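Novice: Provided below for reference: sequence and predicted model.
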Amino acid sequence: MRKSYGQFCPVAKAAEVIGDRWNPLVLREMLYGNRYFNDISRGVPLMSRALLAQRLKELEKAGVVVSHEKETGKGHEYVLTPAGEALRPLIEAMGVWAQQWGSEQIAPEDLDDALLMWGMRRRINLEAVPAQKIVLQFDFQGLTKGHKTHRSWWLVIENGDVDVCQKDPGFEVDVLISADLSAFTHVWMGYTHLNLALKQGTIYFEGDRDLVRQVPTWLYLNGEWRYGMGIDNSASQLMQTNKRVAAECNEISGA
């Protein structure tokens with residue numbers, strides 16, 4: 001049973017919904033548009049499926065999620081209610097805060113190549129991708145979880161669909177991306193500029209020159225961090241305002 005703070009304060013009541021561990025991440029996945037249990041689970045790979053089921057029930061009881069049985073009769077579809085959708089600015093604001101103040105808090109144990117690939121899958125700039133089938137291979141080094149130090153993934157983009165493969169799908173690779181996992185994660189999150197990583201050799205592209213040139217636009221690697229985090233323009237403007245205020249405060253302090 002969800003614990004109460006025992007206070008009528010609105011902040012306490014909001015914290016009872018989004019303050020429990022994993023709840024903000026479950027809501028993040030649903031705000032991304034994931035509506036099925038397996039899809040939500042992929043976005044929170046370290047969360048047990050039993051706990052996810054429990055949290056979804058609690059969120060439904062709180063009135064921010066509603067579930068419907070699938071047409072197939074197997075499993076459920078989870079949809080945000082208007083109250084749940086109204087939490088979007090709060091979740092986005094958390095991302096804005098971390099983008100500005102938390103970039104140094106990504107520890108090696110936080111790195112996850114599977115989570116990174118899943119995040120990229122749902123944030124491909126499909127409007128910029130050519131009509132042809134595109135196959136991207138990612139060779140990541142510097143993995144810290146488990147015993148493997150490197151692993152390969154494939155993204156297959158065709159007709160508006162994006163598939164993630166951990167085994168070679170057997171298609172000709174258009175662009176090979178070799179990268180240190182930490183470096184690529186920081187670039188995709190917008191913490192490090194792609195050009196710097198390319199100069200340092202921590203990210204390397206190989207393939208058709210024209211396609212290589214387009215890849216950063218497809219994957220939002222040019223600093224468009226808000227697309228990777230699911231942050232909208234208003235949140236981006238908030239972050240820019242915070243940076244400007246901080247800069248002005250520094251100028252005043254140094255005067």
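Specialist: Structure's in. What do you need?
Novice: ok, residues contacting stretch 197-216?
Specialist: Here stretch 197-216 makes contact (C-beta atoms under 8 Å, 6 or more residues apart in numbering) with 128-130, 134, 136, 173-180, 183-184, 186-187, 194, 221-222. No exception for glycine: its C-beta is placed from N, CA and C like everyone else's.
Novice: For W22, grab phi and psi.
Specialist: The phi/psi pair for W22 (degrees, to the nearest 10) reads phi 80, psi -20.
Novice: what's T72 sitting at in phi/psi?
Specialist: Its backbone dihedrals place T72 at phi -70, psi -10, with angles given as degrees, to the nearest 10.
Novice: what's the pLDDT at it?
Specialist: The per-residue pLDDT reported for T72 equals 79.
Novice: What of E248?
Specialist: What the model reports as pLDDT for E248 is 41.
Novice: And D112, how close does it get to V11?
Specialist: For D112, the distance to V11 under the criterion C-beta to C-beta, to the nearest Å works out to 31 Å.
Novice: Who has more neighbours out of those two?
Specialist: D112 (17 against 10; other C-beta atoms under 10 Å).
Novice: can you give me the helices in this structure?
Specialist: Secondary structure of the chain (DSSP state H): helices located at 10-18, 23-31, 37-43, 49-61, 82-85, 88-101, 113-121, 181-189, 194-200, 209-218, 225-229, 233-254.
Novice: Would you mind pulling the contact partners of the fourth one?
Specialist: Identification of contacts with helix 49-61 by C-beta under 8 Å, 6+ apart yields 2, 17, 20, 22-23, 26-27, 37, 40-41, 44, 65-67, 78, 84.
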